[in-house]
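Q: Sequence first, predicted model second:
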Amino acid sequence: MLKVHRDICGYCGCCVSVCPEGALELIDAYLCIEKSCTSCGICAKVCPLGALEVVHEK
Amino acid sequence: MKNKYDILVIGGGPAGAIAAKTAAEKGFSACIVEKRPAIGVPVRCAEGIGREALHEFIDPDPRWISAEMTGASIVAPDGFLMKLESALAGNKVGYILDRKFFDRELVWKAAEAGADVFVKTRASSPLMEDGYVKGAKVECCGKVTKVTADVVIAADGVESKFSRWCGIDTTVAMREIMSSAQYVMADVDIDEHSTVFYLGNEIAPEGYLWVFPKGKRIANVGIGISGKKSGEGHRAKDYLDRFVKKTFPKGKQIEYIAGGVSVCRPLECTVADGLIITGDAARVVDPLTGGGIYNGMYTGRLAAEVAAECIAKCDVSKKALMKYDKTWRASKMGKVIERNYLIKEYLIKQPDEKLNEIIHSVSKLNLKEFTTMSLIKEIMKVNPKLMLELGALAASIH
């Protein structure tokens, strides 16, 4: 599951542009994750600030 | 807000503003919807633009020019500084804008020409009919309005969603997104009339770090690195913080922003039935420099011109709108993007030693023109070996 650390997020949209599923959307300063997210982690890797994390559920 | 416009523009950056202004000036009804509550903020830009490029669209105004540039420097991975100066001393080669006010000025000009403008208003889905984009559902403070339009111009930037909703894949490959961070730094020792670019795999892997002056002792200090090279502990911000600590230990950070800049080839096709895609959303950023302000304004203007022509002829099919796609690809901008893409692809593969060698070979250039191209040509003159390595690209330059 993809987690947004909202205290770190700079709401820049870098992640939105690389999402192969089109699962991210930046609504003003709020990053939304849609159900189509596959937790592939590409967005977490490219985030300039480190605001995204793929959390593995137990 | 009306329920029907000739042209609906998604996004109030330079591409959207120029598109709406151009459409309104031609007597077409136009509307800009901007999802953010204010035009121009947050700034996600290093704010540099060439002199000629700016003048093509608007006369410079001190209200939104932060600084005038007369030179540029490139710092090699080993720290060697190559200074580039215009052949005419003191000759302006470019500007560092104040995008907060620049973007407002452009939107104001669109409004003055007759365009409607709505902020905190977001296009949430396209209206589709028989495969045609016929407008958009727009949301403002919980209220949803259906706005129909003959042509929709998508100018929604790097985080563009609109064209994706219309079925066009806009995904940027991980290796071709510049993961970026920037501080506006006050109280720093800089040459206030010269931009500085730092290269090297230690300093900015497959990208560069920039210091763009915004006045005396104040500058945009930022970095872009390839998304491929980014990861925990070595992100754009980590590289930037390391540089700032070393280079400007006493500087004060008065603004902190992040961003993404695509350095891929543009979208394979930038039109669909009833839709034109412009600026960063069309991925028409210069892949070598990351510059996108001019390209946004250029494609914004062209999009409105072609849309107006097609609306007048009652044919807004993809086939008719293709004139836009074909025109920008054949334009100087289109050719520069393709050429600079090839140069970028070459440069990012070079080890630091090779970059040092190239930069050392050119200690001081007196350029007649101050363009990326003239610099590349000079570098090739003093490095004949490069011509062989660049192959077909070199031939296309000469």
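A: Looks like it arrived, so ask away.
Q: Now do the strands in chain A.
A: Counting by DSSP state E, chain A has strands at residues A:2-4, A:24-27, A:30-33, A:52-54.
Q: how about those strands in CSV, adding mean neighbour count?
A: Yep, even glycine has a C-beta here, placed from its N, CA and C like the rest. Compiled in CSV, these are given as follows (neighbours: other Cβ atoms under 10 Å in any protein chain shown):
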stretch, mean neighbour count
strand A:2-4, 18
strand A:24-27, 20
strand A:30-33, 16
strand A:52-54, 18
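Q: do you know which of those lies nearest chain B?
A: strand A:24-27 (4.8 Å; Cβ to the nearest Cβ).
Q: neighbouring contacts of the closest one?
A: Contacting residues not belonging to strand A:24-27 are listed as A:11, A:13, A:15-16, A:31-34, A:37, A:43, B:35, B:122, B:159, B:161 [Cβ atoms under 8 Å, 6 or more residues apart in numbering or on different chains].
Q: ok, now which ones touch the residue in the stretch 201-350 of chain B positioned nearest to chain A?
A: Nearest to chain A, among the residues of the stretch 201-350 of chain B, is B:Gly260, at 2.8 Å (Cβ to the nearest Cβ). Listed by Cβ under 8 Å, 6+ apart, the contact partners of B:Gly260 are A:12-18, A:46, A:48, B:158-159, B:172, B:177-180.
Q: which one of these sits closest to B:Ala17?
A: Proximity to B:Ala17 was ranked across these by Cβ to Cβ; first place goes to B:Val158, at 16.7 Å.
Q: Let's see the pLDDT reported for the residue positioned nearest the centre of chain B.
A: Centroid-nearest residue in chain B, with Cα atoms, centre = their mean: B:Gly292, separated by 1.4 Å. Here, the pLDDT recorded for B:Gly292 equals 97.
Q: pretty sure it is touching B:Val285, no?
A: Yes: here B:Gly292 lies in contact with B:Val285, judged by Cβ atoms under 8 Å, at a distance of 4.1 Å.
Q: what do these two both touch?
A: Counting by Cβ under 8 Å, 6+ apart, the residues touching both B:Gly292 and B:Val285 are B:Val261.
Q: elements contacting the helix ranked longest in chain B?
A: Among the segments of chain B that qualify as a helix by DSSP state H, the longest is helix B:293-312. With contacts defined as 3 or more Cβ pairs under 8 Å, 6 or more residues apart in numbering or on different chains; DSSP states H and E, the packing partners of helix B:293-312 are strand B:4-10, helix B:14-25, strand B:48-50, helix B:51-55, strand B:143-154, strand B:275-277, helix B:318-330, helix B:332-347.
Q: how far is it from where the chain is centred?
A: Average the C-alpha atoms of helix B:293-312, do the same for its chain, and the two points are 16 Å apart (Cα atoms, centre = their mean, to the nearest Å).
Q: Then stretch B:245-253?
A: Its chain's C-alpha centre lies 27 Å from the corresponding centre of stretch B:245-253 when counted by Cα atoms, centre = their mean.
Q: Let me know whether it sits next to chain A.
A: No: between stretch B:245-253 and chain A, judged by Cβ under 8 Å from any Cβ of the partner chain, nothing touches; the nearest distance is 13.3 Å.
Q: List the buried residues for that stretch?
A: Neighbour-count burial for stretch B:245-253 flags B:Thr247, B:Phe248, B:Gly251 (criterion: 16 or more other Cβ atoms under 10 Å in any protein chain shown).
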